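Enquirer: fold the following for me, if possible:
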Amino acid sequence: MIRILTQNGNQELSVQQNLSSVAALENHHYWLDLSALNDEENKQLKALLPIFYRQVNESRQHSRRPQLKLFKTYYFMSLRVVNPSTLKMHELFLYIGKHSLVTLHSDHLKAINDIWHESRATDHFSDHGIPDEVLRQLLGRIIDQYIMAANDLEDQIDDLDLNAKNESVHKLNRRVFQLRSELLSFRRMVSPLIDIIQRMIRSSLIETSEEQELFLRNLNENLSRLTHMIESDLEITSDIRDSYLSLTSYRTNRIMQTLTVITTIFMPLTFIVGIYGMNFVYMPELDWQYGYFVVLGVMFLIAVIMYYWFRKKGWFDR
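Expert: Take a look at the predicted model:
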């Protein structure tokens with residue numbers, strides 16, 4: 001899908017959907033949004049914006065992490081956008097020039113669609129216009145979605161802790177490891193973005209007003225708090241994982257202890273049965289009238305004595 005939002009000198013907005021018209025917008029403010037391009041549209045993009053096309057391919061081939069590349073007249077960004085409901089990551093590429101903003105993504109992104117429709121509804125931007133205001137709104141929405149996703153992960157951790165008694169240890173361990181994997185992936189996505197925002201603030205190649213710089217610093221603070229939240233959640237999941245592993249080990253030891261007690265009690269009984277099970281003719285006590293019951297009584301007495309002895313030692317304590 002191709003859609004172009006243009007802005008004239010009176011801050012009025014209009015929409016176009018023809019990629020070939022971009023060449024005529026060289027001195028105009030515009031936002032070009034590209035998604036799910038077919039082969040023909042990819043060829044048009046390569047012809048009209050060869051630098052952007054090359055940067056996108058290089059980013060896809062060599063780096064899966066967010067990055068920022070600064071040039072004299074423009075800068076290139078690749079970000080990871082998270083879906084708060086599914087926690088799925090989506091790639092987003094941005095080309096930011098003095099008067100233009102190009103966004104490229106292969107999936108449906110709620111943040112971009114919301115900004116697009118809100119822009120259409122207002123019919124104008126503030127004095128900053130395109131690309132500054134669109135970029136600011138987009139970065140703000142992406143960070144908000146990060147925070148929503150982090151809160152959702154935190155809720156899952158709390159739910160896991162509260163319902164631990166209702167699930168088996170194996171299911172709990174699987175959920176803990178899955179949550180840790182999602183948190184680690186989330187941290188790999190958020191941490192580089194802090195460096196990107198700091199570079200945008202400090203770079204002399206990016207012109208920012210005092211208001212824009214304040215906005216970027218607020219974003220940086222939100223990302224720092226988000227990073228601390230992720231680190232804290234990782235520590236919590238690590239503690240839960242260690243607790244579950246310790247509990248599993250403890251339960252295994254208790255089972256082995258019970259089996260050991262049972263085996264130990266039956267050892268002398270098995271010894272007696274083995275002796276009286278030998279097929280010798282001249283064995284003592286074979287002619288006793290009550291020998292069978294006496295042996296059973298002795299075996300029962302041995303079992304009871306050993307049971308109470310183990311219980312006194314605390315082997316049956318919970």
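
Enquirer: for the lowest-mean-pLDDT helix or strand in the chain, name the packing helices and strands.
Expert: Every helix and strand of the chain was ranked by mean pLDDT, DSSP states H and E. The lowest is strand 13-16, at a mean of 71. Secondary-structure packing of strand 13-16 (3 or more CB pairs under 8 Å, 6 or more residues apart in numbering; DSSP states H and E): strand 2-7, helix 110-122. (C-beta placed from N, C-alpha, C; glycine too.)

Enquirer: in TSV: these, plus mean pLDDT and mean neighbour count.
Expert: As requested, the helices and strands packed on strand 13-16 are arranged in TSV below (pLDDT from 0 to 100; neighbours: other CB atoms under 10 Å):
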stretch	mean pLDDT	mean neighbour count
strand 2-7	78	20
helix 110-122	78	15
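
Enquirer: next, format those as TSV and append distance to Glu133.
Expert: Converted to TSV, these look like this (distance: least, CB to CB, whole Å):
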stretch	distance to Glu133
strand 2-7	10
helix 110-122	9
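
Enquirer: so which of those is nearest Leu223?
Expert: Nearest to Leu223, of all these, is helix 110-122, at 15.8 Å by CB to CB.

Enquirer: just the CA atoms of that closest one, as CSV, please.
Expert: Extracted as CSV, the C-alpha positions of helix 110-122 are listed here (Å, rounded to 0.1, in the frame of the first residue of the first chain):
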residue,chain,number,x,y,z
LYS,A,110,-1.4,0.4,14.5
ALA,A,111,0.8,3.4,15.5
ILE,A,112,1.3,4.6,12.0
ASN,A,113,-2.4,4.0,11.0
ASP,A,114,-3.5,6.0,14.1
ILE,A,115,-1.3,8.9,13.3
TRP,A,116,-2.3,8.9,9.6
HIS,A,117,-6.0,9.0,10.4
GLU,A,118,-5.6,11.6,13.1
SER,A,119,-3.7,13.7,10.7
ARG,A,120,-6.5,13.4,8.1
ALA,A,121,-9.0,14.3,10.7
THR,A,122,-7.3,17.6,11.8
